[in-house]
Structure formats: C-alpha cells, structure tokens
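J.: A predicted structure for the sequence below; I have some questions about it.
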Amino acid sequence: MRASEENAGAARQAIVEAAAAGEASKTLHRLVDSVGTLVDGIDAMTAPVEQSVTAFAGVEAELKHLVETVGSAQAMLGTAKARSDSILDISEDSMRFVAESGVETPDTPIIDLVKHKAAEIGAAFERAVASGQIGMAQLFDDAYRPVAGSDPAQVMTGFVPLTDRVLPPIQEPVLAFDRRIVFCAAVDRNGFLPTHNLKYNQPQGADPVWNAANCRNRRMFNDRTGLGAGRNTHPFLLQTYRRDMGGGVFALMKDCSAPIFVRGRHWGGLRIAFEV
C-alpha cells in the first residue's frame, strides 16, 4: 500500500516536472527566436557600418593628401621667403654702400639725422647710469612682463620709466624734420619699443583695431624690420617694409635706423620710418 502511494507521488511529481520542462522548452524556443532576430538585425546594421568605414577610409586618404600638399606648399613658401629675404639683404647692403660712398640721395639727410639722434640717446642713457638713475642690468632688462588685458599685447621692463622720461625730448622733434617722417622711436635689441611718439602713445581702449594703430608703445616689433633695426651694429640700416596699421591696413614705408650703444654695449637702435 505504502509502495503504491510512493509510486503515485512519483508519478504526480513527474507530471509537474514534465510540465515545467515543457514551459522551459517553450521559453528556450522563444529565446532562440529572439537571438535569431537580433543576429538578423546586427547583420542588417553591418552593411552600412562597413560602407561608412570604407567611406571614412576614403576621406582619411584625402585628408592625408591635403596635409601633404599643405606641407609641400609651406616648404615652398619657406624657400620663397628665404630667397626674398636674401634679395632684401642684398638690396639693403647696396643702399648702405651707396650712402657710405658719399653719394647724396633723397634719404641722406634722414640717415645723418638717425645716426646723430641714436648717439644722443646713447649719451642720455650713459648719463642716467652715471647719475645712478638706473643700473646697467636694469637698462638691459629683457624679462618682458605682460600688461594684463592689453590687446594687442603690451609688455613692461625695468627701463620703461627711464625711456618715458628721456626719449620724448629726443624723438618728438624728429617728426618736424621732414614731412615724409611718420615716426621716430627707439627699440631694444629684441624689437621691444618702450616709448613711442606721443601720437602713438595713447592708452589702450576696448577696440583692438584702434589700439593697433594708436597704442604702439610697450609693444614687441620683432618682425624682420624691427629685429633688423634693433640688432644692426653697422652705422645705419635702411629697410623697406609694409607697416601693419591694424584692420588689414598696410602702409609702404622706409625704415632708417642706427645702433644705440651704452658704455660700448649694444642696447638697440633708433628707427625713423618715412613714406616712400
């Protein structure tokens, strides 16, 4: 009797387990169907992705070619610039040779003037050192400190207070010497212009374009012309250049400069720019 009851219980359990297995089987079939659908979806997405990858590879190749082309153009421009600089060097040497040979040209009076004024500035700096107004280290300070908020960027050095006192009485009268003269300003050997003519010595405002034309003091002019004037140690240097006035405006100028020496040490140069 007891055995029959156990057999019946086992049968009932088998039926329950069979039903559960059947349900699990149905669930498994549904899962397999879902996986199949997902695989189909992935396959469908693969084609456009592969197309995109192919297209991107094409774009990447074009960009690489563009970069190579730009690089080649930059190299050619660099070569052209080097050649044009060489031509300018030859031209400037020729102009200096003509001037030093004693031949009078329309530029001769300005050349003589810039040499005289550069020597005057050197003497004024030497007097300032001798009187203790400034030391040689401070006079040759090249730790340029940015002026906060300036646009175009301005900088300060330890000798600016001295140049603000000493340079205007020497530089300003030069503007009346010849109607062609646009400015007269000293730069140090790195092209830093501490104290400009009063008309270009305005406080900066909110407009960078206006500032570029009217606030030219405390500025680094370390382009070819500015560095040429600041680093030249010949009796004078005569250059031709385009002066950037800001806002896309340029003026064709000549730049005549002479070196400034203080106790035998090269401080920079005095520039006189005039219209061609």
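T.: Here it is on my side, so go on.
J.: wait, Pro146 sits on Val155?
T.: Yes: between Pro146 and Val155 there is a contact under CB atoms under 8 Å: 5.6 Å. For glycine as for every other residue, the C-beta is placed from the backbone atoms N, C-alpha and C.
J.: Quick check: closest non-adjacent residue to Phe192.
T.: Among residues not flanking Phe192 along the chain, Met220 sits closest, at 5.5 Å (CB to CB, 6 or more residues apart in numbering).
J.: What distance do you get for that neighbour to Arg145?
T.: Distance, Met220 to Arg145, using CB to CB, to the nearest Å: 12 Å.
J.: hmm, back to that, compare Pro146 and Val155 and say which is more crowded by neighbours.
T.: A direct count of neighbours by other CB atoms under 10 Å for Pro146 and Val155 places Val155 higher, at 16 against 11.
J.: Could you measure from the more buried one over to Phe192?
T.: Distance, Val155 to Phe192, using CB to CB: 7 Å.
J.: With Leu162 instead?
T.: For Leu162, the distance to Phe192 - CB to CB - is 14 Å.
J.: So if I had to pick from those two, which one is more boxed in?
T.: Applying other CB under 10 Å to Leu162 and Phe192 shows that Phe192 carries more neighbours, namely 24 against 20.
J.: Quick one: the strands in the stretch 101-250 of the chain, in order.
T.: In the stretch 101-250 of the chain, the strands defined using DSSP state E, counting those that start in this stretch lie at 145-146, 155-156, 181-188, 192-193, 219-220, 237-246, 249-262.
J.: what's the closest of these to Glu126?
T.: Glu126 sits nearest to strand 249-262 of all these, at 5.6 Å, using CB to CB.
J.: Quickly run through the sheet partners of that closest one, with directions.
T.: strand 237-246 (antiparallel), strand 265-275 (antiparallel) (DSSP bridges).
J.: Neighbour count for Met220 and Arg145, which is higher?
T.: Using other CB under 10 Å, the more surrounded residue of Met220 and Arg145 is Met220, with 18 against 12.
J.: Now do the contacts for the more buried one.
T.: Met220 is in contact with Tyr144, Ala153, Val155, Asn190, Gly191, Phe192, Leu193, Gly226, counting by CB atoms under 8 Å, 6 or more residues apart in numbering.
J.: Go through those residues and name the one nearest Gln133.
T.: Nearest to Gln133 among these: Phe192, at 19.6 Å, using CB to CB.
J.: so what's that closest one up against?
T.: By CB under 8 Å, 6+ apart, the contact list for Phe192 reads Asp142, Tyr144, Val155, Thr157, Arg219, Met220, Phe221, Asn222, Gly230, Gly268.
J.: and this protein, what are its domains?
T.: If you go by automatic domain parsing, the domain ranges for the chain are 1-103, 105-275.
J.: quick one: low-confidence ranges for the chain?
T.: Counting by pLDDT under 70, the chain contains low-confidence residues at 1-103, 243-247.
J.: can you map out the helices along it?
T.: Listed in chain order, the helices of the chain (DSSP state H) span 2-100, 108-130, 136-139, 160-166, 168-171, 208-214, 224-231.
J.: Distance-wise, check Lys117 relative to Thr240.
T.: Taking CB to CB, one finds Lys117 at 21 Å from Thr240.
J.: Among those two, which residue is more densely surrounded?
T.: A direct count of neighbours by other CB under 10 Å for Lys117 and Thr240 places Lys117 higher, at 21 against 14.
J.: what comes up buried for stretch 145-156?
T.: Of the residues in stretch 145-156, Ser150, Pro152, Gln154, Val155, Met156 count as buried by neighbour count, 16 or more other CB atoms under 10 Å.
J.: repeat for stretch 191-202
T.: Neighbour-count burial for stretch 191-202, counted by 16+ other CB under 10 Å, picks out Gly191, Phe192, Leu193, Pro194, Thr195, His196, Asn197, Tyr200, Asn201.
J.: Distance check, the fifth one against Leu167.
T.: Thr195 sits 4 Å away from Leu167 when distances are taken as CB to CB.
J.: what touches both of those two?
T.: Residues touching both Thr195 and Leu167 by CB under 8 Å, 6+ apart: Ala185, Ala186.
J.: Other residues contacting stretch 141-148?
T.: Applying CB under 8 Å, 6+ apart, the external contacts of stretch 141-148 come out as Ala153, Gln154, Val155, Met156, Thr157, Gly158, Phe159, Asp188, Asn190, Phe192, Arg218, Met220.
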